[in-house]
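Undergrad: can you look at this prediction? I've put the sequence above it.
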Amino acid sequence: MRFLTRKRCVVTKDVIVIGGGIVGCAVLDRLARRAASVCLLESGDDVAVGATRANSGIVHAGYDCEPGTLKARFNVRGNALVWQLADELNVPALKCGSLVAAREGGEEGLAELKRKADLNGVRAEVLSRERALRIEPMLAEGVVAALYAPDAGVISPYQLAIALADRAVLNGAEILTECAVLSLKKEDGVFVVGTAKGEFRAKTVVNCAGAEASAVNAMAGAETYRTEFRKGEYYVLDHTERENVSTVIFPLPTAAGKGILVAPTADGNVIYGPTSTPAEKDDTSVTAEGLEEIRRNVPLTYARPSFGKCIRVYCGVRTVVGHDFIVAPSEKVKGLIITAGICSPGLTSAPAIAEYVEELVLKELPLPLKESYIVRPPVRPRLADLDEEGLNALIAKDARWGKIVCRCEKVTEAEIVAAVRSPLPARTVDAVKRRVRAGMGRCQGGFCSTRVMEIISEELGIPIREIRKGAGHSEIALLAVKEDGYDEV
C-alpha cells in the first residue's frame, strides 16, 4: 500500500518512545517541548488502538488508590493535568463528579475510601442517600449512602491520545505507525531498534509498549515481569439515554477492580461495564457471560437500566503487573526508561507519568526547552458544536461543510477531510472514526462507511480496494462486483 511504504534506512534520534497508547503519546508530547529529536514507534495503524481505544474514559479522582503508591501519586497529579490538557487541546471532557454507591452493609467500605481520599489529598465526602439523590436521581433503590468525588469526570480517551500525538508532531516529533519493534539492543552506548521500516538509533529509549512492555524489555536484556491480562466488556447506549445519567456511578470496589459502572461519555453516550476476567492479551471477544454479568450488576446501583438502547458492545484488555505501576529507569540497561502495568487509573495518570518520565530523561540527556512551542493547536470546528451562523460562515468558505456524511453523529465531509490531513493523518476507516466519530452512532457506520472510504481514497490518492478498516489485512472492498473472476472469490 502506497502510504505504508518507507525506504529502509538508519534514523538517529535523541529519544525513541515505543508504544502509542495514552502513556506513549503523553510522553512524546512532553518531550516534544524540548530541543531534541524524538520519535514514537507504534505497531498499529494509528495511536490509541490498544487499551486506550477501549478505555472507560473515566477521569478518576484518586480516592481508592493505596496511599504512598505510584498509582496514588500519578492519579492525583494526573487528574489536574487531564482537565488542563482537555482545555488546551479542545478534547471532549466533562467534570461531572463520581459517586461510589453503597448498599446496606457497605458503610465501612465508604469510610475506608474516605480515609484513603484524605491521605491522598483528594476531595471526597460521604453522603446520605437523600443528598446523593440530589446529584444522581437515578440511584438504585437499595443504595443507602455514597462517596462523592467532585473532581472526577469523563474524557474521550482516544481523542486525548490523538490530540497529544498531533501536538507533538506540530512541535517537531515524528510518529511511525505499523512499525513494530523487532529487536532492541545497545551497541557502544547507543540503542539500536530494529523494525520492518528500518533501523533506529537513540541515546535513550522509553518503553511505553503496554501489553508488550515486558517483551520489549527482554529484547534489551532488561527487567521482565509476570504479566496478567484482564478483559473488560461494555455496553454502549444511544444518546437518548444520556439525559438519565448525571454522574459516574461506581459500586464499592473489590479486589478485582472498581466494578461495573454506569457513566456518561464525553461524546454524549452512556456506557455500562466493564467486567474483569482473566484473558489472553489479544482476546477482545465479547461473551454472553460477560454481558449477563453487566446486566445483573447495573441494577444494583442504577435505577433505570436501558439495555434496549444498546447500539454496540465491545471489549478491551488491560495489563496488570503486580499491585502498582512500574515507572522507573532500568537497573540493568542504562538509558532505558520503563513504564509497565499501567492499568486503571492509567488514563488519568498518563500526563503525570509523562511529566515524571521527562524528569528521568533529563537525567540522561540535558535537553533545554524550545524557545517557541505550540500549546494550543488550531481548533478544528465540529458541526455538532456550531450554531447556524457559524455553520453558514464555514460553508461560504468551503462547501464541504454543507455535506453531511455521518447522519447519526452529524459529521461533515469537511471534518473527515481534516482528519485525513491532520498532523498524524487518519489513513483507515477506524482512524477517521476515532477522530470525528463518523460511524460511532446508532447505525454504526451502516450509512457513512462507503463515503468515508471514498474520501480517504480521494485524499490519499489510493484505490478504494486499498482502504482498510484498521491495521493489517483489513481491506473492506476487495473488488468490484462486476469484475472478471468475481465468481471465483
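TA: Looks like it arrived, so ask away. Residues are numbered from 1 along each chain as shown.
Undergrad: which stretches in the stretch 251-400 of the chain count as helices?
TA: 288-301, 346-364, 388-397 (DSSP state H, counting those that start in this stretch).
Undergrad: what residues of the shortest one count as buried?
TA: Neighbour counts using 16 or more other Cβ atoms under 10 Å place 391, 394 of helix 388-397 among the buried residues. Any C-beta I mention is one placed from the backbone N, CA and C, and that applies to glycine too.
Undergrad: so what are the sheet partners of the following helix or strand past that helix and their directions?
TA: Proceeding N to C from helix 388-397, the next assigned helix or strand is strand 404-406, under DSSP states H and E. Neighbouring strands of strand 404-406 in its sheet, by DSSP bridges, are strand 411-412 (antiparallel).
Undergrad: for the partner strand, which outside residues touch it?
TA: Residues outside strand 411-412 that contact it (Cβ atoms under 8 Å, 6 or more residues apart in numbering): 383-384, 400-405, 436-438, 448.
Undergrad: go on, stretch 233-243?
TA: 54, 56, 264-265, 268-275, 277, 286-287, 290-291, 293-294, 306-307, 309-316, 441-442.
Undergrad: whichever of those residues end up buried, select them in ChimeraX.
TA: Under the burial definition 16+ other Cβ under 10 Å, those of the contacts of stretch 233-243 that qualify are selected in ChimeraX by:
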select :54,56,264,265,268,269,270,271,272,273,274,275,277,286,287,290,291,293,294,306,309,310,311,312,313,314,315,316,441
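Undergrad: about what we covered before: need the helices of the stretch 251-400 of the chain in a markdown table (columns: distance to Gly194 and mean pLDDT).
TA: Listed next are the helices of the stretch 251-400 of the chain as a markdown table, based on distance: least, Cβ to Cβ, whole Å; pLDDT from 0 to 100:
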| stretch | distance to Gly194 | mean pLDDT |
| --- | --- | --- |
| helix 288-301 | 38 | 98 |
| helix 346-364 | 22 | 98 |
| helix 388-397 | 46 | 97 |
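Undergrad: which of those sits closest to Glu212?
TA: helix 346-364 (15.2 Å; Cβ to Cβ).
Undergrad: for the closest one, which positions count as buried?
TA: Buried residues in helix 346-364 (16+ other Cβ under 10 Å): 346-358, 361, 364.
Undergrad: from the contact counts, what lies against it?
TA: helix 22-31, strand 58-59, helix 70-89, strand 198-207, strand 326-329, strand 336-340 (3 or more Cβ pairs under 8 Å, 6 or more residues apart in numbering; DSSP states H and E).
Undergrad: what angle separates it from helix 70-89?
TA: 90 degrees (axes from the mean of the first three to the mean of the last three Cα atoms, to 10 degrees).
Undergrad: starting at the chain centroid, how far to helix 346-364?
TA: 17 Å (Cα atoms, centre = their mean, to the nearest Å).
Undergrad: for the closest residue to Thr69 other than its chain neighbours, give its distance to Glu66.
TA: Nearest-residue entry for Thr69: Asp324, 4.8 Å, with adjacent residues in sequence omitted and distances by Cβ to Cβ, 6 or more residues apart in numbering. Note on Asp324: its distance to Glu66, by Cβ to Cβ, to the nearest Å, is 8 Å.
Undergrad: ok, Ala340 next?
TA: 18 Å.
Undergrad: more neighbours: those two, which one.
TA: Ala340 (27 against 13; other Cβ atoms under 10 Å).
Undergrad: related to what we said a few turns ago, most neighbours of all the contacts of strand 411-412, which one?
TA: Ala438 (30 neighbours).
Undergrad: what pairs with the nearest residue in space to that one that is not next to it in sequence across the strands?
TA: Spatial nearest neighbour of Ala438, chain neighbours left out: Cys406 (3.9 Å); criterion: Cβ to Cβ, 6+ apart. Judged by DSSP bridges, the bridge partners of Cys406 are Val411.
Undergrad: same thing with Leu336?
TA: Val205.
Undergrad: quick one on the thing from earlier: which one of the helices of the stretch 251-400 of the chain lies nearest to Val76?
TA: helix 346-364 (8.0 Å).
Undergrad: got the angle for the closest one vs strand 336-340?
TA: Using the same axes, to 10 degrees: helix 346-364 against strand 336-340 is 170 degrees.
Undergrad: could we number from 23 for the rest of this?
TA: With 23 as the first residue, the last one maps to helix 368-386.
Undergrad: could you export helix 368-386 as CSV, CA atoms only?
TA: C-alpha atoms of helix 368-386 as CSV (Å, rounded to 0.1, in the frame of the first residue of the first chain):
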residue,chain,number,x,y,z
GLY,A,368,-3.8,4.7,33.8
LEU,A,369,-5.7,7.2,31.6
THR,A,370,-5.9,9.8,34.4
SER,A,371,-2.3,9.1,35.4
ALA,A,372,-0.8,9.3,31.9
PRO,A,373,0.0,13.1,31.9
ALA,A,374,1.6,12.8,35.3
ILE,A,375,3.6,9.7,34.3
ALA,A,376,4.8,11.6,31.2
GLU,A,377,5.8,14.5,33.5
TYR,A,378,7.9,12.1,35.6
VAL,A,379,9.4,10.3,32.6
GLU,A,380,10.5,13.7,31.3
GLU,A,381,12.4,14.2,34.5
LEU,A,382,14.1,10.8,34.1
VAL,A,383,15.0,11.6,30.5
LEU,A,384,16.6,14.9,31.6
LYS,A,385,18.8,13.0,34.0
GLU,A,386,20.2,11.1,30.9
